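Participant: need a 3D model of the sequence below.
(3 chains)
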Amino acid sequence: MHNPIRYLYDYLHDRYGPQGWWPLFHAPGQKRQARGDDEPRYHHGDFSYPRTRLQRFEICLGAILTQNTSWRNVVDALRNLRRITYLQPKRIVDTPRSSLITAIVPARYYNQKSRYVCEFTHWFLRQKKQPTRDELLARIGVGNETADSMLLYAFTQPEFVVDAYTRRIAVFLGQVRDTARYDDIKQCFRERLKADVPVFQEYHALLVEHAKQYYVRKPWGENDPLREKFCRR
DNA sequence: TTCCAGGCAATAC
DNA sequence: GTATTGCATGGA
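Facilitator: Numbering: from 1, shown residues only, chains lettered A, B, ... in the order given. Now for the predicted structure:
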């Protein structure tokens, strides 16, 4: 196998198809459902999103809320926030903290995350240009993965996102040592791929999908069909 | 009942 | 510098 990282991408894309991350409530051209119980929408194969500042902001919110939390729960929290703020930054900063907390309860760590959301939103309102990675990392509640998710999906910068699933897969398939750090794993993928925003966006989403199939329960990767294709350890 | 989710900051060593 | 701990919901 000439380039295992490229091979892995092609395999996942063939198997699962375009993932269309990041899902958005604020998707133009789609009517809001009257009942208000709709889901954020994926945009499979359409890499023209996000198109507006409001959509970028919504992605950033989701990136904070989904830290160590299932997306299913995050959707509930985003829906609550939409009900009281329309997911608009100006409304969020004018909303009492107690109301934000109540809305964020389904997304776990609601005391911490309400603070993160609040402080991030104040910063977002002041920030007029494209943020740098260091500027994002300087926000309370924004670490490596969250910063890269924001850059890749909200600000369409070619930053590869490494999450716990990426680590499990990369380690199991022998691409990095189990002692590898965030930047080591990121570098492993980046140096074997051309810097390409759509590919990076799809790759991360595909790894999450694949991990949900084979890397949730221990022993991680046991039944992964890719096991035979990769020389491990 | 137990395990797990699209981490981060604070603290301990 | 690395390792551990607190955070704290809802679904499988």
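Participant: please enumerate the helices of chain A.
Facilitator: Ranges of helices within chain A are A:4-16, A:53-65, A:71-85, A:89-93, A:97-104, A:110-126, A:133-137, A:144-149, A:164-172, A:182-190, A:197-214, based on DSSP state H.
Participant: how many residues are close by A:A27?
Facilitator: For A:A27, the neighbour count with other C-beta atoms under 10 Å is 18. Heads up, the C-betas are built off the backbone N, CA and C, glycines and all.
Participant: a markdown table for the helices of chain A, including distance to DNA strand B?
Facilitator: Below are the helices of chain A laid out as a markdown table (distance: least, C-beta to the nearest atom of the strand, whole Å):
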| stretch | distance to DNA strand B |
| --- | --- |
| helix A:4-16 | 13 |
| helix A:53-65 | 6 |
| helix A:71-85 | 4 |
| helix A:89-93 | 19 |
| helix A:97-104 | 13 |
| helix A:110-126 | 6 |
| helix A:133-137 | 7 |
| helix A:144-149 | 3 |
| helix A:164-172 | 4 |
| helix A:182-190 | 7 |
| helix A:197-214 | 5 |
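Participant: these: which one's closest to A:E222?
Facilitator: The closest of the helices of chain A to A:E222 is helix A:197-214. By C-beta to C-beta, the value is 7.4 Å.
Participant: and the closest residue to DNA strand C within chain A, what pLDDT?
Facilitator: Closest contact between chain A and DNA strand C, by C-beta to the nearest atom of the strand, is at A:N111 (3.2 Å). We have a pLDDT of 98 for A:N111.
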